[in-house]
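J.: Model the structure of this input:
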Amino acid sequence: MTANSVRDDNSRTGMLAAAFDRRLPAWATPRNLFLLLLLVSLCVDLAFGFIYKFRPTPGDLDADELEYFNMATGLMNGTLQLSARRTLAFPLLIAGVRSIGSSFLLLQVIAASLFSFSAPLLFLVVRRVTGSIATGAAAGLALALWPPVIYYGVSLYSEAMALPVFLLALLALPPGPCTGRPRGRRDWLGLVIAGVVLACATQVRPMYLLMTPFLALIVLMEERDWWRAIGKVAVVAAAYTLTTLPWSAYMTARFHHPILVTSNGGETLAGGLNPVLLEPWAQRRLLTFGRNVWVGPGKWLPPYQTGYLSKAELSLPYDQQDRILKERTTAWAKAHPDDAFQLELAKAAYMWGVYPLTKNGIAQLAFGNVPTILLIGFSLFCLVRLPDSRRSLARFWILPLFVTSVALISWGSWRFRQPGDAGLVAFATVCALTMVAGRRARGSVVPARAEATAAAR
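T.: Model (predicted):
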């Protein structure tokens, strides 16, 4: 790649920035827009929390939320029995907040406030990739108002902390030349920071371990030089590994078998891949905080309901149960490939709101399923209509692939979908503004590519 071609790409992406940024008022600096988006997101999240989501007592929490809360209690009074099932980053945050004040409402407000950083951080990520302040601000605002993200972010699930940390890793990752952004002299430092912060996100929520190959795919898609891309991946991988190594060494020594982050693969796999989920579940059951949920293909069951463990085996230590669950789930899937495929398809369909459309109520249909399906449809249209988006915006559309892989291993929870939603919102926003600007040419997300090609001829 020549120096001229790099300058051409930079000028082309600069046109998208100029198309909108020149219309911004003088006060709309990146700093001011970041703070404004944080304020908007904070107001939206806290309003939703106070009106609907904040719980009066810990007893009203969902099962996973209550587990994090109880782990924090154990950390505070020294009674926590560490298991290989969970990491400690989020319980440590809860314990830290509770050590400042005992108010349960204060804890929920702080968790929601932390989550509110997601929207302004997405603004910075989009701005770094596109060079456009206005486009980044539009993407951040869209995420701040996106109903599924608000619903599952305003909670005591680890997502409240995990999504902002993950977006920091995405922000640190230097954009490759296919985005049209110039190389920086300290790109290597950004790669190191991206690896370290992604490792931190994994300590908050272990599912981000599965993001590592997708982060490598982002680097490969954004980079023209394969050898340079491999070098970048190696730097990120080294930083990630070195950051994770102390925890891995401690857990391996404590439980006497290799553990990278957690050891709950068998429980995770068995919960969403078992014959019990294929039984005709006609009933609905009431969970905490008056929330009706259904059970069936695409959902998840705890180990004692999967049918894989006998009553005697349920009293075994967690590590032994996990190993048995992994072996029996794998054996069942191999013996029943059609049933296993049906469940895997249901997980992906459930995660992306394709099914069921009515079992979770009219509110989720209107504010969850329908908007998600429309967003997916528009994003697929953009991938076809704007071919250059496949590389220049790879770090956004690859995120839905990442969360889908999480669903196939675990189940189709919308909580797991948050980074995928952020990616789709960013991708759709950039593509929509490109088309609104009237600067697409022959399917290019980088404006004026056709004009440049014609001039070269």
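
J.: Could you use CA atoms for every contact and neighbour count after this?
T.: OK.

J.: so what's residue 307 closest to, chain neighbours aside?
T.: residue 276 (7.0 Å; C-alpha to C-alpha, 6 or more residues apart in numbering).

J.: So that neighbour is in contact with residue 308, correct?
T.: No. Contact criterion C-alpha atoms under 8 Å: residue 276 and residue 308 do not qualify, at 9.7 Å.

J.: Pick out whichever of these two has more residues nearby.
T.: Taking other C-alpha atoms under 10 Å, residue 276 and residue 308 do not tie; residue 308 has more neighbours (23 against 18).

J.: And the strands in the stretch 151-300 of the chain?
T.: For the stretch 151-300 of the chain, strands defined by DSSP state E, counting those that start in this stretch occupy the ranges 285-287, 291-293.

J.: Check which residues of stretch 92-112 are buried.
T.: 92-95, 97-98, 105, 107-112 (16 or more other C-alpha atoms under 10 Å).

J.: cool, and stretch 329-346?
T.: Going by neighbour count (16+ other C-alpha under 10 Å), the buried part of stretch 329-346 is 329-330, 332-333, 339-340, 343-346.

J.: cool, stretch 245-256 as well?
T.: Applying 16+ other C-alpha under 10 Å to stretch 245-256 flags 247-248, 251-252 as buried.

J.: Can you add pLDDT and distance to residue 81 and give these back as JSON lines?
T.: Below are the buried residues of stretch 245-256 laid out as JSON lines (pLDDT from 0 to 100; distance: C-alpha to C-alpha, whole Å):
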{"residue": "247", "pLDDT": "95", "distance to residue 81": "16"}
{"residue": "248", "pLDDT": "95", "distance to residue 81": "17"}
{"residue": "251", "pLDDT": "92", "distance to residue 81": "13"}
{"residue": "252", "pLDDT": "92", "distance to residue 81": "16"}
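
J.: now these as CSV including distance to residue 394?
T.: Below are the buried residues of stretch 245-256 laid out as CSV (distance: C-alpha to C-alpha, whole Å):
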residue, distance to residue 394
247, 31
248, 31
251, 35
252, 35
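
J.: Which of the residues you listed fall in helices?
T.: Counting by DSSP state H, the part of the buried residues of stretch 245-256 found in helices is 247-248, 251-252.

J.: any weak-confidence spans in the stretch 101-250 of the chain?
T.: For the stretch 101-250 of the chain, applying pLDDT under 70 flags no range at all.

J.: same thing but at 80, please
T.: For the stretch 101-250 of the chain, applying pLDDT under 80 flags the ranges 182-185.

J.: follow-up on the earlier one: quickly, which of the strands of the stretch 151-300 of the chain bottoms out on average pLDDT?
T.: Among the strands of the stretch 151-300 of the chain, strand 285-287 has the lowest mean pLDDT, at a mean of 45.

J.: Just to be sure, residue 87 is in a strand?
T.: No. In this structure, residue 87 is coil, not part of a strand, as judged by DSSP: H, G, I helix; E, B strand; the rest coil.

J.: separation between it and residue 71?
T.: For residue 87, the distance to residue 71 (C-alpha to C-alpha, to the nearest Å) stands at 10 Å.

J.: Between these two, which is the more surrounded one?
T.: Per other C-alpha under 10 Å, whichever of residue 87 and residue 71 has more neighbours is residue 71, with 22 against 19.

J.: hang on, the more buried one is in a strand, isn't it?
T.: No. Under the criterion used here (three-state DSSP), residue 71 is helix, not part of a strand.

J.: Would you agree it is in contact with residue 93?
T.: No. Taking contacts as C-alpha under 8 Å, residue 71 lies outside contact range of residue 93: 10.8 Å.

J.: what sits in contact with each of these two?
T.: When C-alpha atoms under 8 Å, 6 or more residues apart in numbering defines a contact, no residue borders residue 71 and residue 93 alike.

J.: Tell me where the stretch 251-400 of the chain is predicted with low confidence.
T.: Scanning the stretch 251-400 of the chain for pLDDT under 80 picks out 280-294, 359-360.

J.: got the contact list for stretch 220-229?
T.: Contacts of stretch 220-229 (C-alpha under 8 Å, 6+ apart): 1, 175-179, 219, 230, 391-392, 394.

J.: and that stretch, which residues are buried?
T.: So, applying 16+ other C-alpha under 10 Å, buried residues of stretch 220-229: 220-223, 229.

J.: Next, format these as JSON lines and append distance to residue 193.
T.: JSON lines is the format used below for the buried residues of stretch 220-229 (distance: C-alpha to C-alpha, whole Å):
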{"residue": "220", "distance to residue 193": "18"}
{"residue": "221", "distance to residue 193": "20"}
{"residue": "222", "distance to residue 193": "18"}
{"residue": "223", "distance to residue 193": "18"}
{"residue": "229", "distance to residue 193": "17"}
